[in-house]
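>>> have a look at this prediction, sequence included:
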Amino acid sequence: MKLCGHSVSPFVERVLIALEMKGTPNAVVLSDVAGGFKSEEHFSHHPLGKIPFLLLDDGRSLSESQSIVEYLDSVAGGASLVPTDPFDAAKASRIVRVLDIYYSNAIGPMGRVAFGGTATDEEVADAKNRALPEALKYLDACIEGETYAVGDGWTFADAAIMSHLYWFERLMPQFGAADLSDYPKLSAYWDTAQKSEIYQASKARADRSVAKFFENKK
Ligand SMILES: N[C@@H](CCC(=O)N[C@@H](CS)C(=O)NCC(=O)O)C(=O)O
């Protein structure tokens, strides 16, 4: 199977981190977008022309990082990232939704500025002073442990948090708001997560991918 995209995207990294956590990193081959980014072929696999998408060996494809993680969790073998306890599974799912809805939208203006797009001063100020603190407060309330976000082992929630917070670390210092100390559970979790081999490997992949992305833009 091919995972089409690049580690510059937290949504691609989510899938790669999840596979590392499962102990099945070779279940996919990370590949350039089939047919080229925003090509007709790309749109045939992802109607919005985004990354990632998964290309199965039989030609079928699947978009949306969380759906890809759930599919791979079922077919790739290794440890399951879905908690067996239904309530824990729902709590892990809630973390992903908080990240993908509230947090992603909140950090959007900063991401646009960093990638050469535009955001007004008002949008950046609102993100920094209201939307991001709200999202982080919500995320903080959902985190249960220092090593694992939910339960007593890796879940797909950990993969989502690590991949998103990489970009928090990268983006927020230039906006003077990189401090997580107002969110004690999240802050303790993040301190531990950053030391993990899985996050270190993800950070190295993403750093290389980001450097290449901006080099190619020159
Ligand atoms: N909800 C999607 C988000 C995917 C997404 O936003 N990918 C970005 C990269 S981080 C992208 O491809 N952007 C290019 C574009 O929108 O043109 C997922 O979870 O896979």
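Nice, I can see it.
>>> in this structure L55 contacts L30, no?
No. Between L55 and L30 there is no contact under C-beta atoms under 8 Å: 11.3 Å. The way it works is simple: take the backbone N, C-alpha and C, and place the C-beta from them, glycine included.
>>> what residues does this structure put near the ligand?
9-11, 49-52, 64-66 (C-beta under 6 Å from any ligand atom).
>>> pull out the buried residues from those.
9-11, 50-52, 64-66 (16 or more other C-beta atoms under 10 Å).
>>> and L55 and L30? which has more neighbours close in?
Taking other C-beta atoms under 10 Å, L55 and L30 do not tie; L55 has more neighbours (20 against 17).
>>> per-residue confidence at the more buried one?
L55 carries a pLDDT score of 98 in this model.
>>> how about I198?
For I198, the model assigns a pLDDT of 98.
>>> just to be sure, it is in a helix?
Yes. Assessed with DSSP: H, G, I helix; E, B strand; the rest coil, I198 lies in a helix.
>>> OK, contacts around it?
By C-beta atoms under 8 Å, 6 or more residues apart in numbering, the contact set of I198 is 17, 20-21, 162.
>>> could you find the closest non-adjacent residue to V124?
Excluding its sequence neighbours, the residue lying closest to V124 (C-beta to C-beta, 6 or more residues apart in numbering) is P109, at 5.0 Å.
>>> which ones are touching the one you found?
Contacts were defined as C-beta under 8 Å, 6+ apart; by that measure P109 touches 119, 123-124, 126-127.
>>> can we see that at 10 Å?
117-128, 131-132, 171, 175 (C-beta atoms under 10 Å, 6 or more residues apart in numbering).
>>> what's the distance between D58 and V75?
Using C-beta to C-beta, to the nearest Å, D58 is found at 12 Å from V75.
>>> ditto for P86
Using C-beta to C-beta, P86 is found at 21 Å from V75.
>>> can you list the domains in this protein?
Domains of the chain are assigned by automatic domain parsing as 2-75, 86-217.
>>> where does the prediction get shaky in this protein?
Of all residues in the chain, none has pLDDT under 70.
>>> all helices for it, in order.
Using DSSP state H, the helices of the chain run over residues 10-22, 40-45, 65-75, 86-97, 104-114, 121-126, 132-142, 156-171, 184-195, 197-217.
>>> give the buried residues for the fifth one.
When burial is assessed from 16+ other C-beta under 10 Å, helix 104-114 yields the following buried residues: 104, 106-111, 113-114.
>>> and it with helix 10-22, angle?
Interaxial angle, helix 104-114 versus helix 10-22 (axes from the mean of the first three to the mean of the last three C-alpha atoms, to 10 degrees): 120 degrees.
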